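Student: What follows is a protein structure lacking sequence information:
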């Protein structure tokens, strides 16, 4: 994976020893996340948006809804599309087409994790079977990159989906059987998504003999390989993948999975609480955005 | 259906501003720790992030290096969700390439590049939300980011997009105005010396109206410069307070 | 100062799009009241002592009308006594969205200083802006916004009032819900009617009230006569999926139960849908934009050739029996349909007369508009007896589904019917001809008198005063646009100059004088009256190229060889001194008088010779010469009554001047198009669609003459060939018919169109350059040409093709209306003429044959009239109509086109509104056709009954 930093041998040893003693460079334990800030509804011309700051990693997700045609195999479902923009803002390496490879890799994974009926009720996105459905364009914008992109992105996506307001439409049909889509006149009249089952991604990095969550770029540089897994609020693992160049033995995969389940399950409740709290404030909420 | 009335008889524009009024400008410098300089700027609903890396060694081909000054490298891109209709790609299209070039030209005129021979300065701007005057807002944000990076400039570069409706120049056009058949002019100004860093106009405009339009653009740019100056002073004050602690 | 709030709006463009706009709220929007000490306004609009005598509101007050009150009661609001009105931005925006004409009128009122109308920008005021709430409809939100603003005003004004005569605001709304909510908020609120009726000093205002929907129930029976109109949303869906068609409704002038809808869009194959019968017409009024549904093909019929006027009484019952008269006819079927909804009403105030109800005490009366295409309108007035016999204006308010006629209200009186001034006013109003005296603002841009040419002027112009220039015009012409000269050069070639009044020197772009001229578009010539496009000082003096005075001109100078071929063309701004202002006849006499050999005559002879060659060449190229019988009245100089009628005769000199004007126009058109391909103002004349020629083909075949219409040239050639032994007038009649097949020539902007061809003149490009005093298009062309030769500078609007295109549209409209007004004026004078003549016997020709009537042309008077054969009293003769001919067999006699007939002509003034020239057949004698039945069987066709065919180019 790109966007890596160079770490000297001495630094590596220091980091490894710290992790061995469950005391990481920034003072965290092995299963601790860095400070995280979540804010929704940050881009007003999207239908749903969220900004997540995790350490120095900053991710902005915007969701736009469009009316499209259902996929032929599943005529009664809508679908999600993912696009990850690794912008040059994050690092000059991404300038021009530099971020494309990473972007494609990330968006493919996101597609696998989120675009299925277990995570979102895709049937609700259908407007008229075989003809019209909602397509949710989930666009992820990577603004600063300090490790653990997957986790930050997945939390931002879940928050943005929670925030998404799909305009209410109804089908009017005329005598000749032609169908037309009418938009509700009331801007407040919109459909919300149930995000209860949307998983979060937990990345576990194997560093030395232990594994850590939410690795910084430096820690990442000391890791041989990592495991990403998507975990629901019930602790169910819906997807898991090994990433990185090195190899992992089955036993540590087992251990890491167990840890991932634990950490992942624990992520959801506070996230949902936070989102609901923000929602309840409604318009009174003072948006911070990038002024924070 | 009746189109939009861009300027009412009472002198108000669609969004309630008067002809010469700018949109509300809010900005913050130093939003990202990893970049050498960064700034976030909102001009009405147009929201831009600007990030500066450098001056640093030339990346890639060294042949582009200049022995007497720094090379300014700009990339303009738009978030795919920034426009009302979703964009398919953030950059690489003709318009963003042109915009990148305009930014490069603008900042070459302002940054004291001769102080950093054989090096490179990267300016990346990202439109997060687009509501008219994209070029101008990018210039304003990038100015703050360059200042945040501590790179010396001759002066602030302030830009504003102005248009001409019913014989009246309108300052700082929003998207609805840009789209409403107004001939618009983008101008980047070094306000203290009243030097023009870039002027760009694609639409047809009668020559008789050009002076009035340029005049309005320069006044608007000076208005922008006041706000930017305020932001910089505020930022320095906060920074020095932090340093004192 | 700026507060920012964003609101969300969704629009559709294919799919769904979220649009976010900023909305700034301000606290520097002032209340506009004189009595306010808090607001920092410079010139308050609303008066301190806003008093009007009302028994509802005895205190000074400002009015706040809601949107519907403004839309429907604009006539009342326009009354001079209604002042100190606050128009909220919310209201203004809604009005703008819903009715462009009302919006324009409201804006005019706001600009009128006397009216004290103030626009309060409430949507951007910090304290009066409200956001739409969940579950609230857009209308409810706006009503609430109006109430909030009214509330704000009442509290705001309360603040700084010396106690005593406290200023209050009064909300006017006819919406019950709105009124109740307003009362809950302690606002003063009234129904508009209620308030107007309370105005003690002005009872006449009540007549001008539009009937609101809850009043309408008692004015009409409850029997539902018409199908409900579909709601707009359903219509839009229907249009999109093609089940409904959108088009402009055009009522038939001849038959009130028939109309055509010109379907919009589709470009080339723009279709017409025929609508027949009261039910299917379904309350559409002429010029409305409507949605129609096609009937099944089995019900398609041909347009009826019946001429039918609504003379029924004000009963709703007789609607059905009238339907019987529409027997479907099988030949040449057209798609028929029915109106299912109204997309946009295009109602304006109509001129006409009151049919006073027979019930003496009744306040409800029927109003008959002067325009036959408009249905009669039911109005309520208490001054019926005063209004009887007067020409009045009435506006339509609505047409409920259970009413045979639309409901309306009285707007104003124009004067006694039949009087020349009243009638002229009527025809100017009916044709939308701006005819008010020029305002002070306009006059202020005239040159100061005494005017003289300065040395600086001369420096910039070519001095052509030494040339022997003269003008040739109709007698009595005071606005001389053009003058000519011709001289032989040393090398044997001829120099010809066309000198056109340099109006654009005096009318500078953008000032009030220019805007007024642009709006008027053209000078309108009525019998005995001219409505100038530019003030008289210019039209008859400074711009007029009178003889023996120095005048500015824009000259087009050619060098021609003896074969009239152009060797060189140049354009220049000049100073000329015309040596003579001649009439056509005078010029002709000089040319013909071989004893005369002065410079003027030589110049005229040279011009005449060249013109003949030019004309010949033009005709060889396929230009059309069509016929127009123009009639000129000799008007008594004292009484302005017509005393004699004479067909205009055409002299060689007419065509001489015409040829050079055409040549100048073509040369200029080419020059400005070369210079400004995007924004040249040109004139085109489209070729008519082949079907237009049907009547011409049928008519000529009846006389065994073949007319070819494949091209202009073929048409011109076969018209020249067409003759019938012993029927001298045949050729002229054919040409009259051919003229009626033509399309209208139009101005357009070269950047907006690709087809420039002028069919009638057989020229690839054409414009108008030669009459800037009386046509605005020529002024634009002058300006363009002046820029092209470096004599003047451009200005923004001149180079803007969209603005120019909009201007062209206005000019086309004004020209069309001017022509109609002209015809109407001739018709009126024809009536005056016949009034004093009693009954005349004349010879005429059958011009058209209809199903129940023939239309006859009287060449001597250029008069066209209809002779009906069926009558109301059902004693109709046996009629057999054959579409193929077309022929009409009345009892024993069969009428064909071009039949020679003898008729009696007299004026029938029994109906003062529609005075008619009655024609009755004398020869051939149709058996049942007695004088008594003739009285009800003749009528005028069209507005004007004269063959006053304006050549369309």
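Tutor: Okay, I see it. Note that the coordinates shown come from a computational prediction; the quantities given were computed from them, not determined experimentally. Numbers count the residues shown, from 1 in each chain, chains lettered A, B, ... in the order given.

Student: what's the neighbour count on the residue in the stretch 101-250 of chain C that chain B sits nearest to?
Tutor: Across the stretch 101-250 of chain C, no residue is closer to chain B than residue C:124, which sits at 3.5 Å (CB to the nearest CB). C-beta coordinates here come from the backbone N, C-alpha and C atoms, glycine included. By the criterion of other CB atoms under 10 Å in any protein chain shown, residue C:124 has 24 neighbours.

Student: Select the helix or strand of chain B having the lowest average pLDDT value.
Tutor: Lowest on mean pLDDT, DSSP states H and E among the helices and strands of chain B sits helix B:175-179, with a mean of 86.

Student: From residue C:570, how far off is the spatially closest residue to residue C:603 that is not a sequence neighbour?
Tutor: Distances taken as CB to CB, 6 or more residues apart in numbering or on different chains put residue C:486 closest to residue C:603, at 4.7 Å, once the chain neighbours are dropped. Here the criterion is CB to CB, to the nearest Å. By it, residue C:486 lies 16 Å from residue C:570.

Student: Compare those two (neighbour count), which wins?
Tutor: Higher neighbour count among residue C:486 and residue C:570: residue C:486, with 25 against 14, using other CB under 10 Å.

Student: wouldn't that one be in contact with residue C:499 here?
Tutor: No - with contact defined as CB atoms under 8 Å, residue C:486 and residue C:499 do not form a contacting pair (11.8 Å).

Student: one step back: give the closest residue to the residue of the stretch 101-250 of chain C closest to chain B in space, chain neighbours not counted.
Tutor: Here the residue nearest residue C:124, using CB to CB, 6+ apart, is residue B:16, at 3.5 Å.

Student: and the one you found, what does it touch?
Tutor: Residues near residue B:16 by CB atoms under 8 Å, 6 or more residues apart in numbering or on different chains: C:23-26, C:121, C:123-124.

Student: Spell out which two among those residues are the most distant pair, please.
Tutor: Using CB to CB, those span at most 12.0 Å, a distance reached by C:23 and C:121.

Student: And these two? Which one has more around it.
Tutor: Just comparing residue C:23 and residue C:121: by other CB under 10 Å the higher neighbour count belongs to residue C:121, 21 against 16.

Student: how much space between the more buried one and residue A:95?
Tutor: Taken as CB to CB, the span from residue C:121 to residue A:95 is 47 Å.

Student: what comes up buried for the least confident helix or strand of chain B?
Tutor: In terms of neighbour count (16 or more other CB atoms under 10 Å in any protein chain shown), helix B:175-179 has its buried residues at B:175-178.

Student: Now do it: distance to the chain's middle.
Tutor: 17 Å (CA atoms, centre = their mean, to the nearest Å).

Student: what does that helix contact?
Tutor: B:4, B:6, B:13-15, B:45, B:84, B:130-133, B:161, B:163, B:165, B:170, B:184, C:21.

Student: if you set the cut-off to 10 Å instead, what comes out?
Tutor: A:45, B:4, B:6-7, B:13-15, B:17, B:44-46, B:83-84, B:130-134, B:161, B:163, B:165, B:170, B:173, B:182, B:184, B:203, C:19-22 (CB atoms under 10 Å, 6 or more residues apart in numbering or on different chains).

Student: From residue C:277, how far out is whichever residue of the stretch 301-450 of chain C sits closest to chain A?
Tutor: In the stretch 301-450 of chain C, the residue that lies nearest chain A is residue C:340 (12.5 Å; CB to the nearest CB). From residue C:340 over to residue C:277 the distance is 14 Å, taken as CB to CB.

Student: Ok, residue B:172 next?
Tutor: Residue B:172 is 59 Å from residue C:277, by CB to CB.

Student: so who does the nearest residue to residue C:810 once chain neighbours are set aside touch?
Tutor: Sequence neighbours aside, residue C:521 is the residue nearest to residue C:810 in space, at 6.0 Å (criterion: CB to CB, 6+ apart). Going by CB under 10 Å, 6+ apart, residue C:521 touches C:433-434, C:533, C:747, C:774-777, C:807, C:810-815, C:817-818.

Student: what do you get for residue A:100?
Tutor: Contact partners of residue A:100, counting by CB under 10 Å, 6+ apart, are A:84-86, A:94, B:89, B:92.

Student: Just give me the closest of these to residue A:108.
Tutor: residue A:84 (9.2 Å).

Student: from what I can see the closest one touches residue A:142, true?
Tutor: Yes - in this structure, residue A:84 is within contact of residue A:142 by CB atoms under 10 Å, at 6.7 Å.

Student: The residue of the stretch 301-450 of chain C closest to chain A: neighbouring residues, count only.
Tutor: Neighbour count of residue C:340, defined by other CB under 10 Å: 22.

Student: And residue C:203, by the same measure?
Tutor: 12.

Student: So what's the residue count around the closest residue to it other than its chain neighbours?
Tutor: Once flanking residues are discounted, residue C:203 sits nearest to residue C:382: 8.0 Å by CB to CB, 6+ apart. Residues within reach of residue C:382, counting by other CB under 10 Å, total 13.

Student: In three-state terms, how would residue C:382 be classified?
Tutor: Secondary structure state of residue C:382, per DSSP: H, G, I helix; E, B strand; the rest coil, is coil.

Student: Find the closest residue to chain B in the stretch 701-850 of chain C.
Tutor: Closest point on the stretch 701-850 of chain C to chain B, by CB to the nearest CB, is residue C:796, at 3.4 Å.

Student: Tell me the one of the contacts of residue B:16 nearest residue A:193?
Tutor: residue C:23 (28.5 Å).

Student: now the spatially most central residue of chain B: how far from residue B:159?
Tutor: Residue closest to the mean C-alpha point of chain B, counted by CA atoms, centre = their mean, is residue B:139 at 2.3 Å. Distance from residue B:139 to residue B:159, counting by CB to CB: 4 Å.

Student: list residues touching both of these two?
Tutor: What both residue B:139 and residue B:159 touch, as defined by CB under 10 Å, 6+ apart, is the set B:102-103, B:106, B:133, B:186-189, B:197-198, B:221, B:224.

Student: now the residues you listed in CSV, with secondary structure and pLDDT?
Tutor: Formatted as CSV, these follow (DSSP: H, G, I helix; E, B strand; the rest coil; pLDDT from 0 to 100):
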residue, secondary structure, pLDDT
B:102, helix, 94
B:103, helix, 95
B:106, helix, 94
B:133, coil, 92
B:186, strand, 93
B:187, strand, 94
B:188, strand, 95
B:189, strand, 94
B:197, strand, 92
B:198, strand, 92
B:221, helix, 95
B:224, helix, 95
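
Student: Let's have those residues in TSV, adding neighbour count and distance to residue A:286.
Tutor: TSV is the format used below for the shared contacts of residue B:139 and residue B:159 (neighbours: other CB atoms under 10 Å in any protein chain shown; distance: CB to CB, whole Å):
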residue	neighbour count	distance to residue A:286
B:102	21	35
B:103	27	32
B:106	26	34
B:133	29	25
B:186	22	33
B:187	25	34
B:188	28	33
B:189	27	33
B:197	22	36
B:198	20	36
B:221	29	30
B:224	27	25
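
Student: what pLDDT does residue C:360 get?
Tutor: If you check residue C:360, the pLDDT there is 65.

Student: before we move on, what about residue A:65?
Tutor: 91.

Student: Can you tell me the element it falls in?
Tutor: Assigned by DSSP states H and E, residue A:65 falls within strand A:57-68.

Student: For chain C, see how far away residue A:125 is.
Tutor: Counting by CB to the nearest CB, to the nearest Å, the gap from residue A:125 to chain C is 13 Å.

Student: got the phi/psi numbers for the closest residue to that residue other than its chain neighbours?
Tutor: Closest residue to residue A:125 apart from its sequence neighbours, by CB to CB, 6+ apart: residue A:78 at 2.4 Å. Main-chain dihedrals, residue A:78, degrees, to the nearest 10: phi -90, psi -180.

Student: Just give the nearest non-adjacent residue to the residue in chain B positioned nearest to chain A, would you?
Tutor: Residue nearest to chain A within chain B: residue B:81 (3.2 Å; CB to the nearest CB). Spatial nearest neighbour of residue B:81, excluding adjacent residues (CB to CB, 6+ apart): residue A:62 at 3.2 Å.
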